[in-house]
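Novice: Any chance you could fold what I've pasted below:
(chains A and B)
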Amino acid sequence: MTSTPVVATQASTRSRALALIGGEATDANLRRYLHGIPGIDAVGLEQRAAALGTRSIKTSSKKRAIDTIIGLIDLTTLEGADTPGKVRSLVGKALTPDPVDPGCPRVAAVCVYGDMVPYAVEALGSAHAAGRDQGVSVASVATAFPSGRASLAVKLADVADAVAAGADEIDMVIDRGAFLSGRFGQVYDEIVAVKDACRRADGSVAHLKVILETGELGTYDNVRRASWLAILAGGDFIKTSTGKMQPAATLPVTLSMIEVVRDWHRLTGAKVGVKPAGGIRTSKDAIKYLVAVAETVGDEWLTPGLFRFGASSLLNDVLMQRQKMQGGHYSGPDYVTID
Amino acid sequence: MTRLAVPKTYKLYIGGTFPRSESGRVYAVTTPGGDFLANAAQASRKDARDAVVAARSAFGGWSRATPYNRGQVLYRIAELLEGRRTQFAHEIMQSEGVPAPAAGRQVDEAIDRWVWYAGWADKYLQVAGNANPVSGPYFNLSVPEPTGVVAIIAPQSGGSLLGLVSAVAPALVSGNTVVVVADETRPLSAITLGEVLATSDVPGGVVNILTGSPAEMAPWLASHADVNAIDLLGAGDVDWVHLEIDAAETLTRVLQPESGADAAAPSLARILAFTETKTVWHTKGLL
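Specialist: Below you'll find the model as predicted:
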């Protein structure tokens, strides 16, 4: 990835966004645009999500789905009790999810707090993706995660710190307070500023995932507006939740976000990623998300660059399913690692 | 005016709830003469899998309850069994084709046996545990602990309620959780026992009752890596040698089938079969 095209795309994204909004990204212009988006048929959305959940994925398709899921997981530890040791063992699990099967694919990334990034980078060593296509990336939450209640200067310092420590991806939270009180311009400007802070000294840019915390937004319409806002401001990914509050990711909410990504792709040709996070614990659930993605935006979205699962306990369930499919008998929690 | 018959369709008992079989299948339960009695859910391997998950998640709470508390909970079940005495006796009469006095005797014996096992809950530790003599300034103590999730193939002949109780009660005493495949042709006692358990103090998931074919479910339970022991008590008619081989693959403890009049007779051995011995060393005060 060289620096020039990135800057060019960014510039064009911004001009496209401004053209859509119809002027500068002020509260008034954004409000006019976001409130002009057609509302969501909540019943229809939930029905569509439920219908997608009934697809029967069996045998060889299931096998492929399971390996795909593993390759899309952001293996996450975001606890106050995290230690360098915990992060190292998490990285170990990311590299060899199933110790008895070297053929098991690696996860896409490990997701940690900013101060744990150096330990994750060190533990990954040569397996660290660092912008390459193979390897495991390091994602860091930032901007006063999970509440986002800090001044912009503190948030930007948080981001710059994580990027300097070697984070390939930044998971930022939006200011839900500002969003809900209609200060869209502030949310927009913050995302733009964070995006700028993701730039490294060599000109390359860390990927930016924008966490909407859909559980706090209240309505599907707000989720759709926040998704548009995050994409217009230049987010590379839109992510449902921090995982720190309930409800976290649900299939209807994620589906509505995937629809925004699809519309943006149709409108501009640009591809934005989606990351449901929190509450996805079983491979059965995860497969429903794969189906929703494949049937809404298409198979080409099922790559780590465009779709991720933010999860910690999901991986163990997927591994147990994988062992069941390989061994022919049900596996148990004693046969996967704890964290 | 004649009343319309109300044929019942029973469900499974998994994790404290009564779900239908995931497969949607049911089968007819009949009298020995072939008259229709009720429909029972025909559980599939996935129901067995769900039951194991439920049993595993209930294990922590049930095994950590104090032995006294476990004993009280088990006594309470005996009380509820007593309250449903007529229903059990009636169902046994119908499904086994035995006369009323024999059915009544079977229910009495089952309740007595349940009480007998309940009494062991806070006593088996003293009998089976030991302070071992060692040459050093240490206490060396061995205590039995529950093994975990126990899968049981209930007896498929003889008294349906008595056989079920003889298999389930001893596994519960020490704090194991149970997934039991009921008598296939005469499951009514097991279904009613499920209703008893649901209204008792037993936490959901401690006992899970599957109705259906042992031949279909037993291989999945035997090979399941999260099942710690399997009691093949009523599996004499299926290919149980292969079940034992499958079970060995994941180090599952196996109890072999029994038959005859005194099959699964009440004994401390049946309780201890599903325990593991923990031995600890502890320094002695030297005064």
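
Novice: quick one: which helix or strand includes the residue nearest to A:Ala109 when sequence neighbours are not counted?
Specialist: Leaving aside its sequence neighbours, A:Ala109 sits nearest to A:Ser137 (C-beta to C-beta, 6 or more residues apart in numbering or on different chains; 3.9 Å). C-beta here means a position set from N, CA and C on the backbone, and glycine is covered the same way. Under the criterion of DSSP states H and E, A:Ser137 resides in strand A:137-141.

Novice: Walk me through which strands that strand pairs with, and which way each runs.
Specialist: Take DSSP bridges as the rule and strand A:137-141 pairs in its sheet with strand A:109-113 (parallel), strand A:169-173 (parallel).

Novice: what residues are up against A:Asp221?
Specialist: The contact partners of A:Asp221, taken as C-beta atoms under 8 Å, 6 or more residues apart in numbering or on different chains, are A:Gly39, A:Ile40.

Novice: Kindly confirm my reading that it forms part of a helix.
Specialist: Yes - when the secondary structure is assigned by DSSP: H, G, I helix; E, B strand; the rest coil, A:Asp221 falls within a helix.

Novice: circling back to that earlier point, what average pLDDT does the strand holding A:Ser137 get?
Specialist: Taken as a whole, strand A:137-141 carries a mean pLDDT of 97.

Novice: how far out from the middle of the chain is that strand?
Specialist: Distance of strand A:137-141 from the chain centroid (C-alpha atoms, centre = their mean, to the nearest Å) equals 10 Å.

Novice: which residues touch the nearest residue to A:Gly148 once chain neighbours are set aside?
Specialist: Nearest residue to A:Gly148, sequence neighbours excluded (C-beta to C-beta, 6+ apart): A:Val173, at 3.9 Å. When contacts are counted by C-beta under 8 Å, 6+ apart, A:Val173 is found next to A:Val141, A:Thr143, A:Ala144, A:Phe145, A:Pro146, A:Ser147, A:Gly148, A:Ile211, A:Glu213, A:Thr242.

Novice: could you measure A:Val173 against A:Gly310, distance?
Specialist: Taking C-beta to C-beta, to the nearest Å as the measure, A:Val173 falls 13 Å from A:Gly310.

Novice: cool, and A:Ala50?
Specialist: Plainly put, A:Ala50 is 23 Å away from A:Gly310 if you go by C-beta to C-beta.

Novice: Spell out the residue ranges of the strands in the stretch 151-287 of chain B.
Specialist: For the stretch 151-287 of chain B, applying DSSP state E, counting those that start in this stretch gives strands covering B:177-181, B:207-210, B:229-231, B:253-255, B:275-283.

Novice: out of A:Ala50 and A:Gly310, which sits in the more crowded spot?
Specialist: In this view A:Ala50 and A:Gly310 are compared by other C-beta atoms under 10 Å in any protein chain shown, and A:Gly310 has more residues nearby, 30 against 12.

Novice: Tell me which residues are up against the helix or strand containing that one.
Specialist: The secondary structure element spanning A:Gly310 is strand A:309-311 (assigned by DSSP H and E). Taking contacts as C-beta under 8 Å, 6+ apart, the residues outside strand A:309-311 that touch it are A:69, A:72-76, A:111, A:239, A:241, A:243, A:249, A:275-278, A:280-281, A:286, A:289.

Novice: Apply 6 Å and report the result again.
Specialist: Applying C-beta atoms under 6 Å, 6 or more residues apart in numbering or on different chains, the contact partners of strand A:309-311 are A:Leu72, A:Ile73, A:Asp74, A:Thr76, A:Lys275, A:Ala277, A:Ile280.

Novice: how about the residues of the stretch 1-150 of chain B that lie near chain A?
Specialist: With C-beta under 6 Å from any C-beta of the partner chain as the criterion, the stretch 1-150 of chain B comes near chain A at residues B:Arg49.

Novice: Single out the residue in the stretch 1-150 of chain B that lies closest to chain A.
Specialist: Across the stretch 1-150 of chain B, the shortest distance to chain A (C-beta to the nearest C-beta) belongs to B:Arg49, at 5.6 Å.

Novice: And the helices in the stretch 101-250 of chain B, which stretches?
Specialist: According to DSSP state H, counting those that start in this stretch, the stretch 101-250 of chain B carries its helices in the segments B:124-128, B:160-173, B:188-198, B:214-223, B:240-249.

Novice: elements contacting the third one?
Specialist: With contacts defined as 3 or more C-beta pairs under 6 Å, 6 or more residues apart in numbering or on different chains; DSSP states H and E, helix B:188-198 has these neighbours: helix B:160-173, strand B:207-210.

Novice: Let me know which of the ones you listed is the nearest to A:Arg266.
Specialist: Proximity to A:Arg266, assessed across the helices and strands packed on helix B:188-198 by C-beta to C-beta, is greatest for strand B:207-210 (49.9 Å).

Novice: Check which helices and strands that closest one sits against.
Specialist: Judged by 3+ C-beta pairs under 6 Å, 6+ apart, strand B:207-210 is in contact with helix B:45-64, strand B:177-181, helix B:188-198.

Novice: outside of that strand, which residues touch it?
Specialist: Strand B:207-210 has contacts (C-beta under 6 Å, 6+ apart) with B:12-14, B:43, B:47, B:51, B:54-55, B:178-182, B:190, B:194, B:197.

Novice: B:Met56: how many residues sit nearby?
Specialist: Rather than Met, residue B:56 is Arg. Other residues within reach of B:Arg56, judged by other C-beta under 10 Å, total 19.

Novice: Correction: the previous question concerned B:Val165.
Specialist: If we define neighbours as other C-beta under 10 Å, then B:Val165 has 29 of them.

Novice: Relative to B:Ser200, how far out is it?
Specialist: B:Val165 is 14 Å from B:Ser200, where distance means C-beta to C-beta.

Novice: so B:Leu37 touches B:Ala28, yeah?
Specialist: No - B:Leu37 is not in contact with B:Ala28 according to C-beta atoms under 6 Å; the separation is 7.9 Å.

Novice: Looking at the two, which is more packed in?
Specialist: Neighbours around B:Leu37 and B:Ala28, counted as other C-beta under 10 Å, are more numerous at B:Leu37. The numbers are 17 against 12.

Novice: Could you verify that the more buried one is part of a helix?
Specialist: No - judged by three-state DSSP, B:Leu37 forms no part of a helix; its state is strand.

Novice: Nearest residue to whichever residue of the stretch 151-287 of chain B sits closest to chain A in space, please, no chain neighbours.
Specialist: The stretch 151-287 of chain B approaches chain A most closely through B:Asp226 (2.8 Å), counting by C-beta to the nearest C-beta. Taking C-beta to C-beta, 6+ apart as the measure, B:Asp226 lies nearest to A:Gly332, with 2.8 Å between them; neighbours along the chain are not counted.

Novice: shouldn't that neighbour be in contact with B:Ala225?
Specialist: Yes - in this structure A:Gly332 lies within contact range of B:Ala225 using C-beta under 6 Å: 4.0 Å.

Novice: what touches both of these two?
Specialist: Contact criterion C-beta under 6 Å, 6+ apart; no residue bridges A:Gly332 and B:Ala225 by contacting each.

Novice: need the residues of chain A near chain B, please.
Specialist: Within reach of chain B by C-beta under 6 Å from any C-beta, chain A has these residues: A:His329, A:Tyr330, A:Ser331, A:Gly332, A:Tyr335.

Novice: which phi and psi does B:Thr211 have?
Specialist: Taking degrees, to the nearest 10, you get phi -110, psi 150 for the backbone angles of B:Thr211.

Novice: returning to that earlier point: in PyMOL, select just the buried ones from the residues of chain A next to chain B.
Specialist: Only the buried members of the residues of chain A next to chain B end up in this PyMOL selection, burial being decided by 16 or more other C-beta atoms under 10 Å in any protein chain shown:
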select buried, chain A and resi 329+330+331+332+335
